[in-house]
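Q: coordinates for the following, if possible.
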Amino acid sequence: MTDTQSAAATSGQDWASLAGRLATVLKLSAPPVAISFLEGQPAPVARFAGGLAEPNEHGRTGAVSAGCVFWMKSVDQTFATIAEDHANCSVGSYTHGLLSLEAAATRDDIAAVLASGWVSLEAFKALPKVSGNPETIVYGPLADAQGEPDVVLVRLSPLGMMLLRDAFPNMSIEGKPQCHIVAIAKEQGVAVASVGCALSRARTGMKAEEGTAAIPGDRLAEIVATLEGTADLDWSMARYAAADAKRFG
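A: Residues are numbered from 1 along each chain as shown. Below you'll find the predicted structure:
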């Protein structure tokens, strides 16, 4: 039994309830997504429905343009993915443990971002990545989770970002690329947020007013409870400020 299977069997959490509380406290416009990395076991659900795209001139292809697109497609359905489904984006394939640094460095999309100066070689090499060798990554609505996910991914507004940062003042807010926050949450066991990146926003169609945050699944109940306490304080201060502002017409 893998670590993921063991956690799923023993967590005993009401994931639907936690999903609802998380959506309420952060005022999410999209449901939270559960992400699980599976090693050495068959996927518990069907593979993502959709064939691979026509390869580009370098042979790069995948089921979607980048792994972050699966965040959008899994808000209302659960599915499994394998490495080739993610393969059109070599950055995401690397951060999700599906591609080695050496192999990623040979890909044309990595060459493009390095040649443009958008990311330096040193920054790329320093990116966090999921450990191990996941054979399958399962995505789906947190409310439908059958066991403990490795990571919970949310798309949130600046208001939600404020609440999360108030609850966890030392939380890192990352920049490009956006996908590495999944690796940080899984490997370091901390909540982490991102302002997004140009590549991910273009590929996913994320709204301009949205950012993202990743939460370790095994800490979700604790983090939701902390957020709820912080939100009570924030709304108390907001009510005070609103009442005070009435003096100014």
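
Q: hmm, who's touching the helix or strand containing Arg201?
A: Element membership for Arg201, per DSSP states H and E: helix 198-204. With C-beta atoms under 8 Å, 6 or more residues apart in numbering as the test, helix 198-204 has contacts from 64-66, 68-69, 71-72, 89, 91, 113, 118, 176-179, 206, 208. Any C-beta I mention is one placed from the backbone N, CA and C, and that applies to glycine too.

Q: so which of these belong to strands?
A: With strands taken from DSSP state E, there is no overlap with the contacts of helix 198-204.

Q: from those, list the buried ones, please.
A: 64-66, 68-69, 71-72, 89, 91, 113, 176-179, 206 (16 or more other C-beta atoms under 10 Å).

Q: give me the residue at the spatial middle of the chain.
A: Taking C-alpha atoms, centre = their mean as the criterion, Leu153 is the residue nearest the geometric centre of the chain, at 3.9 Å.

Q: distance of that one from Pro216?
A: Distance, Leu153 to Pro216, using C-beta to C-beta, to the nearest Å: 11 Å.

Q: how about the residue nearest to the centre of the chain: what's its closest non-neighbour residue?
A: Once flanking residues are discounted, Leu153 sits nearest to Val33: 4.6 Å by C-beta to C-beta, 6 or more residues apart in numbering.

Q: now the longest helix seen in the chain: how far from the chain's centre is it?
A: If you go by DSSP state H, the chain has its longest helix at helix 220-245. Centroid separation for helix 220-245 versus its chain: 24 Å, with C-alpha atoms, centre = their mean, to the nearest Å.

Q: and of the buried ones among the contacts of helix 198-204, the nearest to Gly132?
A: Nearest to Gly132 out of those is Cys179 (C-beta to C-beta; 16.9 Å).

Q: I'd like to know how many residues surround the nearest residue to that closest one once chain neighbours are set aside.
A: Once flanking residues are discounted, Cys179 sits nearest to Gly92: 4.4 Å by C-beta to C-beta, 6+ apart. Residues lying near Gly92 (other C-beta atoms under 10 Å) number 29.

Q: residues touching Gly92, list them.
A: Contacts of Gly92 (C-beta under 8 Å, 6+ apart): 66-68, 86, 177, 179.

Q: name the helix or strand for Phe37, please.
A: For Phe37, the host element (DSSP H and E) is strand 33-38.

Q: thinking again about what came up before, tabulate the contacts of Gly92 (CSV), appending pLDDT and distance to Pro149.
A: CSV is the format used below for the contacts of Gly92 (pLDDT from 0 to 100; distance: C-beta to C-beta, whole Å):
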residue, pLDDT, distance to Pro149
Ala66, 97, 20
Gly67, 97, 16
Cys68, 98, 17
His86, 98, 17
Pro177, 95, 21
Cys179, 97, 16
